[in-house]
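J.: Fold the following.
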Amino acid sequence: MEQGPVTPSPQTSSTGMDPKVAALLSYLFGWVSGLIFFLIEKEDKYVRFHAMQSILLSVACIVIMIALNIILGILMFVADIFGIFFAIVSPLFSLAFFVLWIMLMVKAYQGEKWKLPIIGDMAEKYA
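T.: Coordinates of the predicted model:
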């Protein structure tokens with residue numbers, strides 16, 4: 001993960017908010033708030049980056065959770081011991097996502113452009 005303080009461009013974004021607050025809010029409701037800020041913010045690359053990263057992270061999390069639940073269902077049917085393992089892994093993934101989500105909001109509010117490994121590069125490209 002690439003870290004570094006970035007000074008958001010103007011004092012207020014085209015949303016009329018402080019760019020750091022807009023970036024934080026783009027994570028608040030996952031892909032929904034990310035999409036809202038991505039569509040209404042036209043100028044500030046900082047806000048657009050965080051909005052797109054929020055969208056991509058939310059979609060990735062949803063896909064991974066669906067895949068884990070499908071695997072859990074199959075393994076519970078096939079062998080209980082593997083199912084128990086995945087029953088433990090799934091909540092741990094949810095907890096890790098929650099911690100990452102909080103960290104991203106804090107970093108966005110601090111004015112840092114905290115890029116996630118694959119998602120961050122994609123978000124930067126589309127922002």
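J.: Would you mark the buried spots in stretch 106-121?
T.: Neighbour counts using 16 or more other Cβ atoms under 10 Å place 107, 108, 109, 112, 113, 114, 115, 116, 119, 120 of stretch 106-121 among the buried residues. Bear in mind the C-beta positions are built from the backbone N, C-alpha and C, glycine included.
J.: With stretch 43-52 instead?
T.: Neighbour counts over stretch 43-52 (16+ other Cβ under 10 Å) mark 44, 45, 46, 47, 48, 49, 50, 51, 52 as buried.
J.: before we move on, the earlier item: between all of the buried residues of stretch 106-121, which two are separated the most?
T.: 109 and 119 (19.1 Å; Cβ to Cβ).
J.: Same list (the buried residues of stretch 43-52) but as a markdown table, adding distance to residue 94.
T.: Output for those, formatted as a markdown table (distance: Cβ to Cβ, whole Å):
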| residue | distance to residue 94 |
| --- | --- |
| 44 | 31 |
| 45 | 31 |
| 46 | 28 |
| 47 | 27 |
| 48 | 28 |
| 49 | 25 |
| 50 | 22 |
| 51 | 23 |
| 52 | 23 |
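J.: Tell me the one of these nearest residue 62?
T.: residue 52 (15.9 Å).
J.: Roughly how far does that closest one sit from residue 121?
T.: Counting by Cβ to Cβ, to the nearest Å, the separation of residue 52 from residue 121 is 11 Å.
J.: cool, and residue 25?
T.: 23 Å.
J.: again, but for residue 58
T.: Distance, residue 58 to residue 121, using Cβ to Cβ: 17 Å.
J.: Residue 63 too?
T.: Distance of residue 63 to residue 121, given as Cβ to Cβ: 18 Å.
J.: export stretch 110-127 as CSV, just CAs?
T.: The C-alpha trace of stretch 110-127 is given here as CSV (Å, rounded to 0.1, in the frame of the first residue of the first chain):
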residue,chain,number,x,y,z
GLN,A,110,-6.2,13.2,7.1
GLY,A,111,-5.6,14.2,3.5
GLU,A,112,-3.6,11.1,2.6
LYS,A,113,-4.0,9.3,-0.7
TRP,A,114,-3.7,5.7,0.6
LYS,A,115,-3.7,3.5,-2.4
LEU,A,116,-4.7,-0.2,-2.1
PRO,A,117,-2.6,-2.6,-4.1
ILE,A,118,-4.6,-3.4,-7.3
ILE,A,119,-7.7,-1.3,-6.6
GLY,A,120,-5.7,1.9,-5.9
ASP,A,121,-4.1,1.8,-9.4
MET,A,122,-7.4,1.2,-11.1
ALA,A,123,-9.0,4.0,-9.0
GLU,A,124,-6.2,6.4,-9.9
LYS,A,125,-6.6,5.6,-13.6
TYR,A,126,-10.3,6.3,-13.6
ALA,A,127,-10.2,9.4,-11.3
